[in-house]
Structures are given as C-alpha cells and as structure tokens.
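Peer 1: I'd like to go over a predicted model; first the sequence, then the structure.
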Protein chains: 2
Amino acid sequence: MAFRFEILGKDSLTQARLGRVETLHGSFSTPAFLPVGTQGTVKSLTPEELVEVGVEAILGNTYHLYLRPGHETIGRLGGLHSFAHWDRPILTDSGGYQIFSLGDLRKISEEGVTFQSHLDGSLHSLSPEKVIEIQRSLGSDIAMVLDECVPYPSPYEYVKTSTERTTRWAERCLRARQEEDPALFAIVQGGLYQDLREASARDLVRMDFQGFAIGGLSVGEPKSEMIRILEGTVPLLPERTPRYLMGVGTPEDILEAVVRGVDFFDCVLPTRNGRNGTLFTSRGKISIKQAQYAEDKNPIDERCSCYVCRHYSRAYLRHLYMAKEILSSRLNSIHNIHYYMNFMAEIRSAIQKGMLLDFYTHYKSHPGRPDEG
Amino acid sequence: MAFRFEILGKDSLTQARLGRVETLHGSFSTPAFLPVGTQGTVKSLTPEELVEVGVEAILGNTYHLYLRPGHETIGRLGGLHSFAHWDRPILTDSGGYQIFSLGDLRKISEEGVTFQSHLDGSLHSLSPEKVIEIQRSLGSDIAMVLDECVPYPSPYEYVKTSTERTTRWAERCLRARQEEDPALFAIVQGGLYQDLREASARDLVRMDFQGFAIGGLSVGEPKSEMIRILEGTVPLLPERTPRYLMGVGTPEDILEAVVRGVDFFDCVLPTRNGRNGTLFTSRGKISIKQAQYAEDKNPIDERCSCYVCRHYSRAYLRHLYMAKEILSSRLNSIHNIHYYMNFMAEIRSAIQKGMLLDFYTHYKSHPGRPDEG
C-alpha cells in the first residue's frame, strides 16, 4: 500500500489538522481542496495550468469516465494519469453521487444499482465490487466505496435503510480490494439524523479503510444543519486517517469544516462559477458580466498574483464573457482555482502558526480573503 | 511611419520572396501566416500559447470589435494590444468582408455601407473614413481600406461598378489617414475578370499605400480560377511592398500563392478546423472524432513537436472531442496553428536555400508536410 497520511500539526484552539498525504503519484498537503476533473479534464484547463496555480491533487468522476470513454479503454491506455497527462495524485469517487443525480430510471437493490446513462439511455448496473474494479482500471490513488447519497429531505426510515445498505456495500468494496489497489475510503451517510450518522460511522470505522468521507451534506440542507452533522460526525472518525467532506464547497463552508477537523474537499464551484462569470476576490464575489466592468482597467483582484490578474483587465474579461469566447472560461477558471489554492495555503499557514481561530474570525467578518484586513 | 518591409531574398525559380516586416510592435518574417483573433482573442488560446507555436503577428476583425466591445472602448483601454495582452504586430481588416457576409439588410452607396448588426439588429454605417478612425482606435499596426468583397459568381457590370467604388473608397481612406496612423494596405478587387483586376491594381498602385492585398478570392470559385487571377494580379503589384492574399487558406493554397509572389496570409482554418476536430498532420488531415482513434495511443502526428503531440494521445483527444470538453478546442487549435507556423517556416527555409520549387513539387505529390518524403 503506497498510501500514507501523516499529521504534521494540530491547531490547539480548533479541531483543525495540518497533514501530508503520500501516494504512488506524489504527495499533497492537507487541508486540501481537489478541483474536479469530471471527464478526465478539469474543465478548460491543462495540467500545467493546474500545477501553476498550486493544485497538488485532483478528483476524477468514476460515473462519467465509466460511461465515456469507458474504464476499460482508460485501463488499456495505461490509466487515467497517463490518459489525462496528470502525474500527481488522483482521487476518484465511486459514481454513486452521479448515478443518483444524473442517471435515469435508477433502481437500487441489495446487489447494487441499475440506471440509464444520461448520455444515451443505455442500461448499466454498478455493484460495490464493480466500482472497485472500475477505479482499479482508472489507476486512481484514492478510491471511494459505492454509496447512496441520500437526498435532502428524506424520511428517517428511508435514510436508515439506505445507510445500512451503504455500510454493507462498503464492506463488500473492502473485500473486493486487491493487493495493488488504490487506498480505499468509506463514506459515512445518515442524512441529518445524528443516530444514523453515529451508527454509520461506528460500523465503518471498525473496518480497515484508509480514510473516511462524510457524504450526503451540502445537498440543499440549511448550513446550520450541515454544521450540526459535521460536529456530530467528525469526532466519531479516527484521528489518524484523513477525513473528507465530499462535494464541499464554498470557501466559507470549507473553513467551517476545517476548524471541525476535516482534511479533504472537492467541488466544481471554482470552475463552474468561472464558466458562469462569477469570480472570487478578496472583497467577495463579483459577476464579471456586469456593465460596470465594461471599461474597468483593473485586474479582477489587485491582491491576486495569478496569471489572469497579472495580464488582463476586468474590461477584457467582461468582453470575453459577453462574446462567449472560450478564453473566458479558461481565464476565469484559472483565477478561481488560484483563489481556492491560495485560500487553502492560507488555512494551512494559519494552522502552522497557531492562528487559525484568528483567521476564522476575521474571515467570517470579512468574507473574501482573510489577509486584506 | 514605423512600418518597413524589407525583401531579404528572392527565389530564382519562382516568384517567392523572403521578407521581414517591421512595425512599432516588433517584426515578423514573410511569407507569413496570421492566425485570426476575431473578437480580440485567437479562439481558445492565450498570447503565450501563440508565441510558443511561433506566431509573430495576428489579425483582428474590425467588424466584430467595432460592434463589441466597441472601438472607442478599446481605444480608451489603451488599444487592442494592451486589451488583449498581445504585444506583437496586429493587422486589422476593414470590416468590409464581415459586413457583406454577416451583416443583415446591408445597403451600399457611394458614401459607404449601412447594415444591421448580426448581434442585435442595430443599424450601423461605415464609411472609408470611419474604418480608418476605428482602426486608429484599435491601434493596429497594419490597417486595411474599406472594400466590397464581391461574391462569387457576380456579373461583369456589378463587379465593375463595385470595384471602381472600392478604388474610390481606398483613395478616401488614404486621405483620412493621420500622421501616427497604422500602415495602410489597399485591396485589389475585380472578381474573376482579368481586365477589372488590372484596372483595380493599376489605379491603386498609383497611390501611396504601404502594401497591397488581393481580395475577393477563396470565396467559392474553382481553385484554377483563383490561381489564374493570382497569376494575373500579383505581377501588377509593386515589387517592394508586401502582397497579402486575404482569407487564404489551406496549406496547399498558401503554397500556390507563395510561389506566385504573395507574402501575407490569414485564415480561420487552423482554429475553426481544430474546434471541429479536423487536425493537420504530415500525412494529411484526420478527423479525430473517428472511432478508429478510440484507443490510439499515438500522438496526432509522430513528426510533430508541439505541446499536444508531446503529451496527449489521439485517444484522449478523441475523448475530449466526443465529450465536448473545452480543452478539445484548445489542444486541437494549438496543434493546427503549430502545423501552420511550421509549414510557413519550412517555406521560408526552402526559399532561403533556393529549394522552394522542390518543396512545392514534393508537397503537391505528398500532401501534408513536405519533409516526410
């Protein structure tokens, strides 16, 4: 097993940890944000551009890659790293989330889940064993178990049944694992029911997983509920393995989770927002399409040192957006991912200096980037 | 006038010339191919990427930039170079071609042309004087006169009337020029009628232009007709000023024109083809969407040294194309522009070595890249 997680430091006033993950494809620092490379590419960007803004690891979507071009194809081509020209760590999800959000006519059973492809309507079945096989073919560094991401809101009985099945699926994933397989993370479910979260965590931590994710949050529930569940769940997870909050999120939510002891995050937000013209700045978000930027010579953010802020005006970025130019998506995505990477680096630096609570307090009162105060 | 054209060498067996153009924003070698930056960006690419594949000068479309974001806006922002982060030479067309191909309800008179914007239907009038003013605001290095690009086929009388008006417009453009303005090129029209081409060239070369373009070709006429007109027109143009074949074209057509004495070219072909999945290789064009490439580990072209061919397989490029990923347009465009730049460099090298006729003969019998034989 090439996977190793080392805790380099802990914040004394919060639950935050500073860590380092080692994989066959190199290491990355935590707390970490992984940009999403849905279909084998972080949309619009090259690997070199990701490295330039400080990205150390990315996420790949098993559901999308399984459907197109197919995991067997990627396997025959040498795996996802070689296919996508990305030689650093890759975490792959299990496909569960997309099956339940994108797949049509899905049917869930003890065996697994059957669904229609959102691309062509073709019928597919995925089992816990199958998603392990798929992630093996992709050659990811960190694989996830098959889970059902329970929608919000869901009744107690449904969540209980689903969560118990997710736990049984996790056990089957573990049994299906082979010698050279990726590290495997389990996913705690349980919706917004504390007792179900506890049961899920209790059952999963007994098994031999290399890390634990918290799933089923940031699915539309109030933020206070997300925080309540985080506070109730993180302490149930082992100290010495990574904790991963799936699909989160905004910088604010990431910070809330870091102070509660979470180590990994992933989200499409910086890239999707970028394509939609929403840009993160040290003074909060701006929408570049607004007419006020039509002749604005300033960069997106004067405090930002990214390629885009060094060379382009808001006026040009607005023009590219209005003209629907491809370069618009690229430049906006570079800036937003740079913002996220810088944000995570500042969080890690604050933990190291024992200043995370100051950072947190300041950020809450000055949304945007904390060093501007 | 910061513009200078120096002929560095002439081929003894063809009409080809090797040259160097100097502008306020640096120089470029001829025969030159200028990628098209329609709306202030060569679609999908950054200036750094253009420089990396050897681009020395680009073309900007006056029609598009006039409509959006507006030449006055670009002028207030410091000109197109600063706006688009491109510090090398820019040639701008006059907008004539787009008015006639994209504008709705256009009405042409001696004064100029009135048309509706293809964007929002708004009414606009452009005169010879106005297009000079627009190109001044853009801050281009080489400006073009307003012309009517006569469609193919057109009756003799129409072409005669139109061409004579284009000549009068050219004279007005020249009179409207101010001290610090860009170099100004006239455009020879005349359709496929040799006597009209002769009259157009004769009248224009009497005036004080820094270069002469040949317009109204590659608009659907048979290739043999294009070559006939080229052969009849180029010899009428001055030796010591650049000759520019507008909107051309395929590598084959460029080579045909170079051996007949043409120095500049521009075309959307490498970028548009790239976005459509058509790639230039040393063995001819390929369509990357074809199923045969689904598991093809080879680069687009084994003989190509571009970023894309160094790092990505045909299989990955096909996947990106099928998945409609933005990165597909980028990588395909980089490769195709690299192909064009390499092609032009090989042409220049062949002229320098006195081998252009060999190059030409070989290329005609081995479409693709001439050094593969």
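Peer 2: Structure's in. What do you need? Numbering: from 1, shown residues only, chains lettered A, B, ... in the order given.

Peer 1: and the residue of the stretch 1-150 of chain A found nearest chain B, what element?
Peer 2: Here the stretch 1-150 of chain A gets closest to chain B at one residue, residue A:44, 4.0 Å apart by CB to the nearest CB. Heads up, the C-betas are built off the backbone N, CA and C, glycines and all. Residue A:44 is part of no helix or strand when elements are defined by DSSP states H and E.

Peer 1: now swap in residue A:115 and tell me
Peer 2: Using DSSP H and E, residue A:115 falls within strand A:113-116.

Peer 1: Quick one: mean pLDDT for that strand?
Peer 2: Averaged over strand A:113-116, pLDDT sits at 94.

Peer 1: Parallel or antiparallel, which strands does that strand pair with?
Peer 2: strand A:104-108 (antiparallel), strand A:123-126 (antiparallel) (DSSP bridges).

Peer 1: how about it: buried residues?
Peer 2: By 16 or more other CB atoms under 10 Å in any protein chain shown, the buried positions in strand A:113-116 come out as A:113-116.

Peer 1: before we move on, what about stretch A:84-99?
Peer 2: Of the residues in stretch A:84-99, A:84-86, A:88-99 count as buried by neighbour count, 16+ other CB under 10 Å.

Peer 1: Which member of those residues is positioned nearest residue A:26?
Peer 2: Checking the buried residues of stretch A:84-99 against residue A:26 with CB to CB, the nearest one is residue A:88 at 5.2 Å.

Peer 1: how close does the closest one get to residue B:16?
Peer 2: Noted for residue A:88: a distance of 48 Å to residue B:16, by CB to CB, to the nearest Å.

Peer 1: repeat for residue A:202
Peer 2: 80 Å.

Peer 1: neighbour count winner among the two?
Peer 2: Applying other CB atoms under 10 Å in any protein chain shown to residue A:202 and residue B:16 shows that residue B:16 carries more neighbours, namely 27 against 12.

Peer 1: give me every residue that touches the more buried one.
Peer 2: Residue B:16 is in contact with B:10, B:31, B:258-259, B:261, B:347, B:351, B:356, counting by CB atoms under 8 Å, 6 or more residues apart in numbering or on different chains.

Peer 1: Recalculate using a threshold of 7 Å.
Peer 2: The contact partners of residue B:16, by CB atoms under 7 Å, 6 or more residues apart in numbering or on different chains, come to B:258-259, B:261, B:351, B:356.

Peer 1: the strands in the stretch 201-350 of chain A, which residues?
Peer 2: A:211-214, A:243-245, A:264-267, A:278-281, A:284-287 (DSSP state E, counting those that start in this stretch).

Peer 1: ok, the shortest one: who's next to it in the sheet?
Peer 2: The sheet places strand A:243-245 alongside strand A:211-214 (parallel), strand A:264-267 (parallel), with pairing taken from DSSP bridges.

Peer 1: And the contacts of the first one?
Peer 2: Outside of strand A:211-214, the residues that reach it under the criterion CB under 7 Å, 6+ apart are A:144, A:183, A:185-188, A:204-205, A:230, A:233, A:237, A:241-246.

Peer 1: Hmm, residue A:286 and residue A:277 touching each other?
Peer 2: No: judged on CB atoms under 7 Å, residue A:277 makes no contact with residue A:286 at a distance of 9.0 Å.

Peer 1: what residues are shared contacts of these two?
Peer 2: Residues touching both residue A:277 and residue A:286 (CB under 7 Å, 6+ apart): there are none.

Peer 1: What residues does residue A:271 make contact with?
Peer 2: Here residue A:271 is in contact with A:35-36, A:42-43, A:333, A:336-337 (CB under 7 Å, 6+ apart).

Peer 1: Now do the contacts for the residue lying farthest from the centre of chain A.
Peer 2: Within chain A, the residue lying farthest from the chain centre (CA atoms, centre = their mean) is residue A:295, at 35.9 Å. Going by CB under 7 Å, 6+ apart, residue A:295 touches A:315, B:73, B:76-77.
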